[in-house]
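Engineer: A structural model of the following input is requested.
(one chain, ligands or ions: 1)
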Amino acid sequence: MATTPALHDALLDFTSRENWDKFFALRGDGDSFEWYAEWPQIKAPLLSLLLGEEGTEILVPGCGSSSLSEQLYDLGFRRITNVDFSRVIVADMLRRHARVRPQMRWRVMDMTNMQFPDGSFDFILDKGGLDALMEPEVGTKLGMKYLDEAKRVLKLGGKFACFTLAESHVLDLLLSEFRFGWDMTIQAIASEPSSKSAFQTFMVVMVKGKMGVVHTIKSLVDQSAEYCNMQQANAVIHALQNENKIRESHNSGVDILFSLRDLQLGAIGDLKVIVPGRRRQLILGEQGSSLYCYKAVLMDAKNQTETFAYHCGVFIVPKVCYILSICTCALIVFFITITV
Ligand SMILES: C[S@@+](CC[C@H](N)C(=O)[O-])C[C@H]1O[C@@H](n2cnc3c(N)ncnc32)[C@H](O)[C@@H]1O
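Structural biologist: Just a heads-up that it's a prediction; the model follows:
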């Protein structure tokens, strides 16, 4: 992708709607503009995921002016919903496609807060959308919001294909947010033979499965292969090795310390359902925080009894109590009555 200095300036902050409007207005209307890999490189890996199922409900968040949706439409995939928060580009895309591709849908919408019911789509196709939300100054807040939304609107068994440069902060988020219940694969997208692109694009695919199940990641990124940017490829290989170690430890029965976020992500299944004999350790608060950090154990009763009203308990033991400036170990016991 080549940009002029004016276009580049318009995009100093990739999370700003005004900046994107300015960017698309400066580019002018009527043609497509591709971030990262182009259709000829993406086509084969993408179609192998779509399996020729033309009734597939496809969502394209952060569609921009990419030609991806029109290529899919022209191959027979008619149920495509494109989303972008830039009115400028959605108006342009509508003008260009409404007559020739009448069944294609275009929405001005914030992908971190989508107006679609749960489980609306079979396939989410993101090219550069997540990356645009992950400005280092913004942190992971927008990326997390978007991924929560993407998970929500995807059907069980649905696929989320994310084309990304897999910078470490983006890949880390994908790996941790899709750790529990998602089947994940990653591959590098071949570069255009004539292209001298300095960046390697990766396709990360997540398939929505059952909560709590942890799969190791299948990777087609290989140290012995040649990529246009070996530094990027090696960083991905290293991150995947670390993540797979974490995932293997989850499956090995080792007593793992879960964070609250892990629980929200479904690490131990549905918390509202009692699993007789379940015992899980978790950290409440920020690990390493000097303010508070509690190690807790969640225990479900082994057997239901008629006489005992409490079915599970949580014990909270502060490791160090700074407020009293002495080391204190207090034992607080909460009994939670759950009516089953
Ligand atoms: C890097 S571009 C990718 C465009 C296109 N997918 C492609 O491959 O060329 C990011 C796109 O996401 C859009 N975008 C950024 N933040 C958004 C948000 N919160 N909601 C919806 N669209 C957003 C921008 O307007 C822009 O069109």
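Engineer: How is this structure divided into domains?
Structural biologist: 5-251, 257-336 (automatic domain parsing).
Engineer: Check for me that residue 274 belongs to a strand.
Structural biologist: No - looking at residue 274 with DSSP: H, G, I helix; E, B strand; the rest coil, it is coil, so not inside a strand.
Engineer: What separation do you get for it and residue 118?
Structural biologist: Shown here: residue 274 relative to residue 118, a distance of 25 Å by C-beta to C-beta, to the nearest Å. Where C-beta positions appear, they are placed from N, C-alpha and C, glycine not excepted.
Engineer: now do residue 101
Structural biologist: 27 Å.
Engineer: quick one, which of the two is more surrounded?
Structural biologist: For the pair residue 101 and residue 118, the greater number of neighbours falls to residue 101 (16 against 9), based on other C-beta atoms under 10 Å.
Engineer: for the record, mean pLDDT for the top helix by length along the chain?
Structural biologist: Of all the elements of type helix in the chain, the one with the most residues (DSSP state H) is helix 230-251. Mean pLDDT, helix 230-251: 94.
Engineer: who's in contact with the residue of the stretch 201-340 of the chain found nearest the ligand?
Structural biologist: Using C-beta to the nearest ligand atom, the point where the stretch 201-340 of the chain gets nearest to the ligand is residue 201, with a distance of 9.8 Å. In this structure, residue 201 makes contact with 36, 37, 41, 163, 164, 165, 188, 189, judged by C-beta atoms under 8 Å, 6 or more residues apart in numbering.
Engineer: mind redoing it with 6 Å?
Structural biologist: Listed by C-beta atoms under 6 Å, 6 or more residues apart in numbering, the contact set of residue 201 reads 36, 37, 163, 189.
Engineer: Next up, phi/psi of the nearest residue to residue 20 once chain neighbours are set aside, please.
Structural biologist: If the residues on either side of it in the chain are set aside, residue 20 comes closest to residue 86, at 4.3 Å by C-beta to C-beta, 6 or more residues apart in numbering. Backbone torsions of residue 86, given as degrees, to the nearest 10, read phi -90, psi 110.
Engineer: where exactly do the helices run in this structure?
Structural biologist: In chain order, the chain shows helices spanning 5-10, 17-27, 39-50, 68-74, 87-97, 129-133, 141-153, 168-177, 230-251, 260-264, with DSSP H as the criterion.
Engineer: Quick check: the residue most central in space within the chain vs residue 286, distance?
Structural biologist: Residue closest to the mean C-alpha point of the chain, counted by C-alpha atoms, centre = their mean, is residue 147 at 4.2 Å. Between residue 147 and residue 286 the distance is 21 Å, computed by C-beta to C-beta.
Engineer: again with residue 168
Structural biologist: 21 Å.
Engineer: Check residue 118 too.
Structural biologist: Remark: distance between residue 118 and residue 286 (C-beta to C-beta) = 30 Å.
Engineer: cool, and residue 104?
Structural biologist: With distances defined as C-beta to C-beta, the gap from residue 104 to residue 286 amounts to 45 Å.
Engineer: Out of those two, name the residue with the larger neighbour count.
Structural biologist: residue 104 (22 against 12).
Engineer: Residue 146 contacts residue 114, doesn't it?
Structural biologist: No - with contact defined as C-beta atoms under 6 Å, residue 146 and residue 114 do not form a contacting pair (8.8 Å).
Engineer: what about the two, which has more around it?
Structural biologist: For residue 146 and residue 114, the more surrounded residue by other C-beta under 10 Å is residue 146, and the numbers stand at 24 against 20.
Engineer: what's near enough to touch that one?
Structural biologist: For residue 146, the contacting residues are 111, 112, 133, taking C-beta under 6 Å, 6+ apart as the criterion.
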